[in-house]
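Asker: A structural model of the following input is requested.
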Amino acid sequence: MSNELKNQTSQVVSRPEPTRGSKYLTPKVDIRECEQEITLFAEMPGVSPDNIHLHFENGELVLMGKASPASNPGKLLLDETRHGDFYRVFSVHESLDCSKISADYKHGVLIVHLPKAEAAKPRQIKVQIS
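Answerer: Numbers count the residues shown, from 1 in each chain. Have a look, this model is predicted:
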């Protein structure tokens, strides 16, 4: 994984939410890097886009979301779906342009775009002939 984005979930252990006593769910994440940006894909099934909170502060990108259980009629016989509060934190390297972070939500996946700062992007250096 690139040095620009470091997973901090080892420091953010599953812990009870102070208001309800439930546990945080850790969304599964894929992180990809290209020349222009780092893209983070976080699985957050069942989370309404209105219930996703993404913020950057003090060098950390924080993902939070709330998935409510479906209210389907009938007696519940088996419950394997994940519902509750999602939470994950990443340290963001200064080589990324944090003022241009953007995000999309498609088919239960939060897609976060972390553009690289111009100084950190690879560039071709022309060799002069003397």
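Asker: Checking my notes, Asp85 in a strand, right?
Answerer: Yes: the assignment for Asp85 (DSSP: H, G, I helix; E, B strand; the rest coil) places it in a strand.
Asker: any idea how far Gly59 is from it?
Answerer: Distance of Asp85 to Gly59, given as C-beta to C-beta, to the nearest Å: 23 Å. Using the backbone N, CA and C atoms, a C-beta is placed for each residue, glycine as well.
Asker: How about Leu114?
Answerer: In this view, Leu114 and Gly59 are 12 Å apart by C-beta to C-beta.
Asker: swap in Ile129?
Answerer: 44 Å.
Asker: Same check on Leu78?
Answerer: The spacing between Leu78 and Gly59, counted by C-beta to C-beta, is 42 Å.
Asker: More neighbours: which of those two?
Answerer: Each of Leu78 and Gly59 has its neighbours counted (other C-beta atoms under 10 Å); Gly59 has more, 12 against 5.
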